[in-house]
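Visitor: I need the structure of the sequence given here:
(4 chains)
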Number of protein chains: 4
Amino acid sequence: MPLERFGVSMNRELLQQLDQAIEEAGYANRSEAVRDMARAFLVNRQWEAPDGEVVGTITLVYDHHVPGVVAKLTALQHDAEPTVICNTHVHLDHHNCIEVIVARGAAEQVRRLADRMISARGVKHGQLTRTAVQQ
Amino acid sequence: MPLERFGVSMNRELLQQLDQAIEEAGYANRSEAVRDMARAFLVNRQWEAPDGEVVGTITLVYDHHVPGVVAKLTALQHDAEPTVICNTHVHLDHHNCIEVIVARGAAEQVRRLADRMISARGVKHGQLTRTAVQQ
Amino acid sequence: MPLERFGVSMNRELLQQLDQAIEEAGYANRSEAVRDMARAFLVNRQWEAPDGEVVGTITLVYDHHVPGVVAKLTALQHDAEPTVICNTHVHLDHHNCIEVIVARGAAEQVRRLADRMISARGVKHGQLTRTAVQQ
Amino acid sequence: MPLERFGVSMNRELLQQLDQAIEEAGYANRSEAVRDMARAFLVNRQWEAPDGEVVGTITLVYDHHVPGVVAKLTALQHDAEPTVICNTHVHLDHHNCIEVIVARGAAEQVRRLADRMISARGVKHGQLTRTAVQQ
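Guide: Numbers count the residues shown, from 1 in each chain, chains lettered A, B, ... in the order given. Modelled structure (predicted):
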């Protein structure tokens, strides 16, 4: 992809603070950091538009001993309007599983799928993480 | 304050999306937008350091008819370790007031003050907003 | 307003952890804490509906020396679709002001007003805090 | 695990709004919803304590064509202080991969690992999702 270059002006003190923070965070240089900030800014806006095409990861902690929870979560994934690309299941301890589901579709629909999964019986904690295909 | 200028490289598609989003958001130009993103990045990091010097605004919705709530909120502000700079009180309707408190101090202490206020009897909803003195 | 009472069942360990956390946060009792959690849950959902009636506080840090910033922020408040109820201005230091604006209206419009203010030239950092009139 | 039961008092209007919202969200009953709110409240507090034992999922979108990115992300996982339990890799399109890493350890260290991964060259967008082992 063709690269473009543009200039940013900033007062010296802000730039010094920024340089320190991007070094602490581990960025190789300012461009790398600014590109990440730009993408985070865009992701937030894409998720605010109800029909924005997004990618969400849904993290669930649940107790697989609760009758029906596995079947319910499986059914929700198969019936979902957004495409569920994959899920990963982790055994944390005797009672707790973590499941991470990656889904792609309209923001409104991914949010709805997350709602349904987080509210399912046996699911103890759930979070929707917002990202998107990136340029 | 002396201004500095630095270059940022970005692939064309990301730059086009960014330009569209900063126009929609109402920014005058890219530098203005990047400076805001840099400050937001810094504020997040300042609040993660427990002794970072920060400014917080605490928004409370409460029912001033609940006995003792006004006295309690006043006492908390006077006893607080962070400096409470000011507060603003708004009458929303017969039961609901909004009060916005601006406080300055160590992140950990501002968070603690917010905790105490949000949990006070009569306070129905509270939020801590994170900002800081800016370069 | 008439009070109602309902029962919640919870395993012992979760209840012990919850009791410890609500004590640390400063809540007087479980009902007080659960009511706050219920209201926070509702506020999040009201803000997701574009036409939900909400209250937002917009916190801005800006440099009042930047030509035009005060006039611009004033004009935005007067032209805004949501009702701007009040604003409070704090002098932080020679360069930095904090201004907190309380606005009421449709979620989408309050968000739009916040966008316009945060992106205004001279505004260095801005945050929108989400609340609503509470039952 | 032994179940306990406790009563919550709430005014009628708040309860009606809550009932509507938990039905929309898909909860089977109030207890289920309140337990989830309690756990979300606890997770937030565990993540604020720097040495709280937590579980984080780190979602990364990156371009696997960028030289060194895969090796770098692998090395970070192997060197990490928190235990990286697993990672899942998804091909989104010709350029974009999503990788979800599940890590367990002290909040401060999981946050640090996320920082290092999100700032790595080639990583375009990253998010840390906060959860914990649940009771």
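Visitor: what comes up buried for stretch A:86-106?
Guide: A:87-88, A:90, A:92, A:95-106 (16 or more other CB atoms under 10 Å in any protein chain shown). C-beta coordinates here come from the backbone N, C-alpha and C atoms, glycine included.
Visitor: which two among those are spaced furthest apart?
Guide: Greatest spacing in the buried residues of stretch A:86-106, by CB to CB: A:His95 and A:Ala106 (34.6 Å).
Visitor: against which helices or strands is the longest helix anywhere in chain A packed?
Guide: Using DSSP state H to define each element, chain A has its longest helix at helix A:30-48. Counting contacts by 3 or more CB pairs under 8 Å, 6 or more residues apart in numbering or on different chains; DSSP states H and E, helix A:30-48 packs against helix A:12-25, strand A:53-63, helix A:107-118, strand A:123-131, strand B:3-11, helix B:12-25, helix B:30-48, strand D:123-131.
Visitor: if we use 6 Å, what do you get?
Guide: If you count contacts as 3 or more CB pairs under 6 Å, 6 or more residues apart in numbering or on different chains; DSSP states H and E, helix A:30-48 packs onto strand A:123-131, strand B:3-11, helix B:12-25, helix B:30-48.
Visitor: show me the domain layout of chain A.
Guide: Using automatic domain parsing, the domain ranges for chain A come out as A:12-48, A:53-131.
Visitor: got the residues of chain A near chain B?
Guide: By CB under 6 Å from any CB of the partner chain, the part of chain A that sits against chain B consists of A:1-15, A:17-18, A:21, A:30-31, A:34-35, A:37-38, A:41-42, A:45, A:135.
Visitor: buried ones among these?
Guide: Using 16+ other CB under 10 Å, the buried members of these are A:6, A:8, A:10, A:14-15, A:17-18, A:21, A:30-31, A:34-35, A:37-38, A:41-42, A:45, A:135.
Visitor: still on that earlier bit, TSV please, covering the helices and strands packed on helix A:30-48 and showing mean pLDDT and distance to A:Arg111.
Guide: Below are the helices and strands packed on helix A:30-48 laid out as TSV (pLDDT from 0 to 100; distance: least, CB to CB, whole Å):
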stretch	mean pLDDT	distance to A:Arg111
strand A:123-131	93	7
strand B:3-11	94	29
helix B:12-25	93	20
helix B:30-48	91	23
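Visitor: D:His125 is nearest to which of those?
Guide: Relative to D:His125, the nearest member of these by CB to CB is strand A:123-131, separated by 5.4 Å.
Visitor: mind checking how far that closest one is from the chain centre?
Guide: When C-alpha coordinates are averaged (CA atoms, centre = their mean, to the nearest Å), strand A:123-131 and its chain have centres 9 Å apart.
Visitor: and it with chain D, contact?
Guide: Yes - residues of strand A:123-131 contacting chain D under CB under 6 Å from any CB: A:Lys124, A:His125, A:Gln127, A:Thr129, A:Thr131.
Visitor: nearest to C:Leu76 among those?
Guide: With CB to CB as the yardstick, the closest approach to C:Leu76 among the residues of strand A:123-131 next to chain D comes from A:Thr131, at 31.4 Å.
Visitor: and that closest one, bridged to which residues?
Guide: A:Val55 (DSSP bridges).
Visitor: and it, how many neighbours?
Guide: Residue neighbour count, defined by other CB atoms under 10 Å in any protein chain shown, stands at 25 for A:Thr131.
Visitor: coming back round to it: and of the domains of chain A, who's closest to C:His78?
Guide: Once the domains of chain A are compared by CB to CB, domain A:12-48 is nearest, at 25.3 Å.
Visitor: quick one: terminal-to-terminal distance for that closest one?
Guide: 34 Å (CA to CA, to the nearest Å).
Visitor: ditto for stretch A:76-94
Guide: Note: stretch A:76-94 ends 24 Å apart using CA to CA.
Visitor: how far off centre is that stretch?
Guide: That offset, for stretch A:76-94, works out to 14 Å (CA atoms, centre = their mean).
Visitor: residues touching stretch A:84-95, excluding its own?
Guide: A:63, A:77, A:97-103, D:85-86, D:88, D:90, D:102, D:133 (CB atoms under 6 Å, 6 or more residues apart in numbering or on different chains).
Visitor: follow-up on the earlier one: so which of the buried residues of stretch A:86-106 sit within strands?
Guide: A:87-88, A:90, A:96-106 (DSSP state E).
Visitor: does A:Val61 really touch D:Thr131, like I thought?
Guide: Yes - in this structure, A:Val61 is within contact of D:Thr131 by CB atoms under 6 Å, at 5.5 Å.
Visitor: common neighbours of those two, please.
Guide: Joint contacts of A:Val61 and D:Thr131 (CB under 6 Å, 6+ apart) are A:His125.
Visitor: let me see the contact set for A:Val54.
Guide: By CB under 6 Å, 6+ apart, the neighbours of A:Val54 are A:Gln46, A:Trp47, A:Ala107, A:Val110, A:Ala132.
Visitor: any idea how far A:Ala40 is from it?
Guide: Distance from A:Val54 to A:Ala40, counting by CB to CB, to the nearest Å: 13 Å.
Visitor: on that earlier part again, pLDDT added to the ones in strands among the buried residues of stretch A:86-106, as a markdown table?
Guide: Listed next are these as a markdown table, based on pLDDT from 0 to 100:
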| residue | pLDDT |
| --- | --- |
| A:Asn87 | 88 |
| A:Thr88 | 90 |
| A:Val90 | 90 |
| A:Asn96 | 89 |
| A:Cys97 | 91 |
| A:Ile98 | 92 |
| A:Glu99 | 92 |
| A:Val100 | 93 |
| A:Ile101 | 94 |
| A:Val102 | 94 |
| A:Ala103 | 94 |
| A:Arg104 | 93 |
| A:Gly105 | 92 |
| A:Ala106 | 91 |
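Visitor: and those residues as CSV, adding distance to A:Val69?
Guide: Below are these laid out as CSV (distance: CB to CB, whole Å):
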residue, distance to A:Val69
A:Asn87, 14
A:Thr88, 17
A:Val90, 15
A:Asn96, 12
A:Cys97, 9
A:Ile98, 13
A:Glu99, 10
A:Val100, 16
A:Ile101, 14
A:Val102, 20
A:Ala103, 18
A:Arg104, 24
A:Gly105, 23
A:Ala106, 26
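Visitor: ok, of those residues, which one's closest to C:Ser119?
Guide: Distances from C:Ser119 to these, taken by CB to CB, are shortest for A:Ala106, at 26.3 Å.
Visitor: tell me how many other residues crowd the closest residue to that closest one other than its chain neighbours.
Guide: Distances taken as CB to CB, 6 or more residues apart in numbering or on different chains put A:Asp51 closest to A:Ala106, at 4.9 Å, once the chain neighbours are dropped. Neighbours of A:Asp51 under the rule other CB under 10 Å: 11.
Visitor: surely A:Asp51 meets A:Ala107?
Guide: No - under the criterion of CB under 6 Å, A:Asp51 is not in contact with A:Ala107, lying 7.0 Å apart.
Visitor: tell me the centre residue of chain A?
Guide: The centre of chain A sits closest to A:Thr129, judged by CA atoms, centre = their mean, with a distance of 2.8 Å.
Visitor: hang on, the earlier thing: most widely separated two among the contacts of stretch A:84-95?
Guide: Of all pairs in the contacts of stretch A:84-95, the most separated under CB to CB is A:Asp63 and D:Val90 at 26.2 Å.
Visitor: which ones are touching A:Ala114?
Guide: A:Ile58, A:Leu128.
Visitor: 10 Å - rerun?
Guide: Shown in contact with A:Ala114 (CB atoms under 10 Å, 6 or more residues apart in numbering or on different chains): A:56-60, A:76, A:80, A:82, A:101, A:103, A:126-130, D:25.
Visitor: please apply the same query to A:Gln135.
Guide: A:Gln135 makes contacts with A:1, A:35, A:38-39, A:42, B:10-18, D:63, D:95-96, D:124, as judged by CB under 10 Å, 6+ apart.
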